[in-house]
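[1] attaching a predicted model along with its sequence, questions to come.
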Amino acid sequence: EEEEVKHSLLSFFTKLSNNNGPLDSITGWNLTSDPCKDRWKGIICDKRALSVKKIFLDGLNFSGTFDAATLCTAKSLVASLTVVSLNDNNIRGENLEEIENCRQLEILYIRGNQFSGSLPNSLPRLINLKRLYISNNNFSGSLPDLARLSGLTEFLAQNNQLSGAIPNFDFANFGVFNVSYNHFKGPIPRGGARFPVSSYINNPELCGDPLPNCPIPLAASALPSAPGTQKSNGGISRNQILMFSGYFLLGLALLILIILRLLRKREKIKEEKIEAVNNVAAVDGGFKKPNFNSKDDKLDEIKSEISDVSGESGVFSSSLVVLPCSDVNELRFENLFKAPAELLGRGRHGSLYKVICEDQAMPLAVKRIQGWIMSGNDFMRRMQRLDQVKHPNVLPAIAFYCSRQEKLFVYEYQKNGSLSKLLHGTQRGKAFDWSSRLSIAATIAEALAFMHQQLHNDGIAHGNLKSSNILLNKNMEPCISEYGLMVVGNQSLSVNGFQAKEETEDGGFKADIYGFGVILLELLTGKMVQNNGMDLARWVVSVVREEWTVEVFDKALIQEGASEERMVNLLQIAVKCVDRSPEARPGMKQIARMLNTIKGEEEERSMDASEP
Ligand SMILES: Nc1ncnc2c1ncn2[C@@H]1O[C@H](COP(=O)(O)OP(=O)(O)OP(=O)(O)O)[C@@H](O)[C@H]1O
C-alpha cells in the first residue's frame with residue numbers, strides 16, 4: 001500500500017511539474033524515501049507519520065497538469081487526504097471528474113492557475129468539502145450544484161468565465177464568498193445579501209440584493225390578464241391606475257422630505273455660527289488663539305468642499321486652534337485653505353490632504369472627519385487632554401478645528417509614508433527584515449501602552465489603529481498617528497473587531513488591542529488587510545488551527561532565515577490580541593512586556609552571531 005501511495009504521489013507531482021522544472025530541484029521526492037517519515041516537501045502527514053493528510057504546493061511555479069485520476073487512485077491515500085492546496089502556479093486540469101474519488105477532501109485550493117473548461121460535475125459528490133477556491137483561472141460553463149454540499153463554508157470563484165445561475169446556496173453557512181468578475185446571470189439566491197456588492201460585481205446580468213433589483217420578466221406582462229385586471233375602456237387597467245397613484249404619492253412624499261431637509265439644514269447653519277463663537281471663547285485658557293482675519297471667498301478645493309457642507313467660510317476661520325508647543329509659524333486658517341492641497345486618501349472616517357503652506361517650513365497633513373457628534377466643549381477638553389500626553393512615538397496634532405458637522409486636524413506631513421506602504425507598497429521587496437519588523441512592533445507596543453495608561457481614566461483610546469496610521473518619521477522610527485480621533489460610542493464601535501453589542505467601558509482600548517494584533521499579523525505574514533483585518537485574523541487563526549503555522553509567515557522572512565521560534569512566539573501574541581472576545585485580549589502593558597522579551601532574545605542571538 002505504501003508503495004502504491006508513493007507511486008501515485010510521484011506520478012501526480014511529475015505531471016504537475018510537466019516532467020521538468022521544480023520537480024528536479026525538489027529533493028526527496030523519490031521511490032527510495034518515504035513521504036511521511038522523510039518529510040517530503042509539501043506533504044503533511046498525521047502525527048504518527050503513517051498517512052498523508054495534506055498536500056501543500058502553493059506558488060512553486062508548476063506548469064503541468066493536475067491529474068485527478070493519478071492523485072485519487074491509491075486506496076490508502078484517498079482515505080486520508082483532506083487538503084490539496086496548489087494556489088498560484090500555472091497548472092491546467094486533466095481528468096478532473098475523478099476528483100470525486102478523493103472523497104475525504106475538505107479543502108481544495110487551486111486559485112491563480114490556468115484551469116479552463118467546466119468544473120467537474122462530480123464536485124458535489126465530495127461531501128466533506130468545506131472550502132473551495134477556484135478564483136483567478138479560466139473556468140467556464142455553469143457551476144455544478146454545489147448547493148448540495150451542506151458543509152461548504154468558503155467559496156471563491158472570482159475572475160473566471162463562469163456563467164449560468166448561482167446555485168441556491170445556504171449562505172448562512174458561508175464565511176467567505178465571491179463570484180465577482182464572471183458571467184453569472186439571474187437573481188442572487190436568498191441570503192446572498194450577507195456578502196457585499198464586491199462579492200458579485202462585474203457579472204453584467206446578475207441582479208437582486210445586494211445588487212440592483214432584477215427586472216420584472218417580460219413574460220409576466222405578456223401573460224393574459226387575470227380577472228380583475230381587465231383593461232378599462234381607455235386601455236389602462238385598474239392595476240395600472242393603482243400603480244400610477246402609488247408613484248404619485250411616493251413622489252409627493254419625497255418632495256416633502258426634501259423641503260424638510262432643506263429647512264433643517266438652514267437651522268443647523270445658524271446653530272453652527274453660534275457654536276463657533278462659543279468655541280473661540282472656550283479656548284482662551286489652554287490654547288494659543290489663532291491669528292485670523294479671513295473673509296476670503298476665493299477658496300481652494302478643501303474650502304469649497306467644506307463650504308458645501310457649511311455654506312459659510314468665516315465661521316470656520318474663527319475656530320482653528322493652534323496648539324502651543326507645535327513647531328509651526330503662525331498658522332492661519334486662511335493660508336491653510338489658500339494653499340495647494342492634494343487629496344491623499346479618503347478613508348472610512350474622513351479624508352486626508354497634503355497641504356503646502358507658503359509660510360510654513362514643512363508640508364502639513366490635514367485630516368477632515370465628518371459626522372463626529374460631540375459637543376464643542378467636550379471636544380476641546382479632549383484635545384486639551386491629548387495635548388498633555390506626549391510620547392516620542394506618537395505624532396501630536398499641530399492644530400485643529402471644530403464645527404458641529406466636521407472636525408479638522410493638522411499634522412506634520414511625514415514623507416517616509418506609513419508602515420502599510422512599507423509592507424505592501426511599491427517598495428515591497430526592498431529588505432524589511434525580521435529584526436526591523438520586531439523592533440517596529442515593540443516600539444509601537446511601548447508607545448501604545450504608555451498612551452493607554454495615561455489616558456485610561458479619560459476613556460481616550462486610539463480608536464482606529466491600523467498600519468496606515470503608523471507613520472515613519474524622518475529617522476524611520478514608527479509613530480502612531482491620529483491618536484484619539486475616533487470615539488467609543490461613535491465610529492469605532494464597528495471597527496477593529498469590536499462590535500457594538502460588546503460595548504464596555506474598555507471598548508475602545510480593547511479595539512486598539514485588536515488593531516495592534518492585526519498589525520502584528522501583517523508584519524508576520526506580509527499580507528494586506530481587508531475588512532478591518534477580520535479576514536486576515538480569521539485566516540491566520542484557521543491556518544494555525546490546522547497546524548500549518550509555518551505557512552502563515554511571509555516568505556521573505558523564511559528566506560531570510562528569521563527565527564521560527566520567535567516568529568511563532570510573536571504569532572501567539574497576535575492571535576491573543578485578535579481574540580473574538582474583547583475580555584480575552586491581554587492589556588497593552590503586558591503585550592509590550594512580552595514583545596520586549598522576544599526582542600531581547602533576538603538581540604542576544606545577533607550579538608552571539610557577530611562575536612568571533
Ligand atoms: N501625517 C501624515 N503624513 C503623511 N502621510 C500621512 C499622514 N497621515 C496619514 N497619511 C497617509 O495618508 C493616507 C490617507 O490617510 P487616511 O487617514 O485618509 O487613510 P486611512 O487611515 O486609511 O483612513 P481612515 O483613518 O479614515 O480609516 C494613508 O496612506 C496614510 O498612511
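    Great, that's in hand.
[2] strands along the stretch 51-200 of the chain, start to end?
    Using DSSP state E, counting those that start in this stretch, the strands of the stretch 51-200 of the chain run over 52-56, 65-67, 83-85, 92-94, 107-109, 116-117, 131-133, 138-142, 154-156, 161-164, 176-178, 183-187.
[3] a markdown table for these, including mean neighbour count and mean pLDDT?
    Bear in mind the C-beta positions are built from the backbone N, C-alpha and C, glycine included. Formatted as a markdown table, the strands of the stretch 51-200 of the chain follow (neighbours: other CB atoms under 10 Å; pLDDT from 0 to 100):
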| stretch | mean neighbour count | mean pLDDT |
| --- | --- | --- |
| strand 52-56 | 21 | 90 |
| strand 65-67 | 22 | 94 |
| strand 83-85 | 21 | 92 |
| strand 92-94 | 18 | 92 |
| strand 107-109 | 20 | 93 |
| strand 116-117 | 14 | 94 |
| strand 131-133 | 22 | 92 |
| strand 138-142 | 16 | 95 |
| strand 154-156 | 21 | 91 |
| strand 161-164 | 16 | 95 |
| strand 176-178 | 19 | 88 |
| strand 183-187 | 17 | 93 |
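[4] what residues are up against N393?
    Contact analysis of N393 by CB atoms under 8 Å, 6 or more residues apart in numbering lists 443-444, 446-447, 477-480.
[5] pull the contacting residues for the residue of the stretch 251-400 of the chain found nearest the ligand.
    Relative to the ligand, the nearest point of the stretch 251-400 of the chain is G347 (1.8 Å; CB to the nearest ligand atom). G347 sits next to S468 when contact means CB under 8 Å, 6+ apart.
[6] and what of the one 10 residues further on?
    C357 sits next to 331, 335-336, 339, 364 when contact means CB under 8 Å, 6+ apart.
[7] then S563?
    Contacts of S563 (CB under 8 Å, 6+ apart): 434, 602, 605.
[8] compare the strands of the stretch 51-200 of the chain and give me the one nearest the ligand.
    Of all those, strand 176-178 sits nearest to the ligand, with 22.3 Å by CB to the nearest ligand atom.
[9] where does the stretch 1-150 of the chain dip in pLDDT?
    Applying pLDDT under 70 to the stretch 1-150 of the chain flags the ranges 19-28.
[10] my bad, the stretch 501-612 of the chain
    Where the stretch 501-612 of the chain drops to pLDDT under 70, the residues are 501-505, 530-533, 545-549, 607-612.
[11] in it, which spans are helices?
    For the stretch 501-612 of the chain, the helices defined by DSSP state H, counting those that start in this stretch cover 507-525, 534-545, 555-560, 564-577, 588-610.
[12] next one: the last one to chain centre, how far?
    Yep, that's helix 588-610 we're talking about. In terms of CA atoms, centre = their mean, to the nearest Å, the centre of helix 588-610 is found 29 Å from the chain centre.
[13] the shortest one too?
    For helix 555-560, the distance from its own C-alpha centre to the chain's C-alpha centre is 23 Å (CA atoms, centre = their mean).
[14] of all the residues in it, which ones are buried?
    Residues of helix 555-560 classed as buried: 556-557 (neighbour count, 16 or more other CB atoms under 10 Å).
[15] can you give me the helices in the stretch 151-300 of the chain?
    For the stretch 151-300 of the chain, helices defined by DSSP H, counting those that start in this stretch occupy the ranges 218-222, 238-282.
[16] first-to-last residue distance for stretch 181-198?
    End-to-end distance of stretch 181-198 (CA to CA, to the nearest Å): 9 Å.
[17] around the ligand, pick out the residues from the stretch 251-400 of the chain.
    Taking CB under 6 Å from any ligand atom as the test, the list of the stretch 251-400 of the chain residues beside the ligand reads 344-345, 347-352, 365, 367.
[18] OK, contacts around S351?
    Listed by CB under 8 Å, 6+ apart, the contact set of S351 reads 343, 345, 367-368.
[19] need the contacts of N393 in TSV (columns: secondary structure and pLDDT).
    As requested, the contacts of N393 are exported to TSV (DSSP: H, G, I helix; E, B strand; the rest coil; pLDDT from 0 to 100):
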residue	secondary structure	pLDDT
T443	helix	96
I444	helix	97
E446	helix	95
A447	helix	96
E477	coil	93
P478	strand	95
C479	strand	97
I480	strand	97
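[20] tell me which stretches of the stretch 251-400 of the chain form strands.
    Counting by DSSP E, counting those that start in this stretch, the strands of the stretch 251-400 of the chain are 320-322, 341-346, 350-355, 364-370, 399-402.
[21] redo the ones you listed as TSV? Include mean pLDDT and distance to F62.
    Output for these, formatted as TSV (pLDDT from 0 to 100; distance: least, CB to CB, whole Å):
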stretch	mean pLDDT	distance to F62
strand 320-322	71	60
strand 341-346	84	38
strand 350-355	88	43
strand 364-370	88	46
strand 399-402	83	55
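[22] between the helices of the stretch 151-300 of the chain, which gets the lowest average pLDDT?
    Lowest mean pLDDT within these: helix 218-222, at a mean of 42.
[23] for ChimeraX, what selects the buried ones among the contacts of S351?
    Entered in ChimeraX, the line below selects the buried ones among these, by 16+ other CB under 10 Å:
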select :367,368
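[24] and for V540, the neighbour number?
    V540 has 24 neighbouring residues, counting by other CB atoms under 10 Å.
[25] how about it, what does it touch?
    521, 525, 552, 571, 574-575, 578.
[26] what of A461?
    So, once contact is read as CB under 8 Å, 6+ apart, A461 ends up touching 452, 455, 484, 488, 492, 507-509, 511-512.
[27] let's see it at 6 Å
    Contacts for A461 were tallied using CB atoms under 6 Å, 6 or more residues apart in numbering; they are 508-509, 512.
[28] can you tell me the closest non-neighbouring residue to D506?
    In space, and not counting its chain neighbours, D506 is closest to P582: 7.3 Å by CB to CB, 6 or more residues apart in numbering.
[29] that neighbour against K510, yeah?
    Yes: in terms of CB atoms under 6 Å, P582 counts as a neighbour of K510; the distance is 3.7 Å.
[30] more neighbours, the two?
    K510 (25 against 20).
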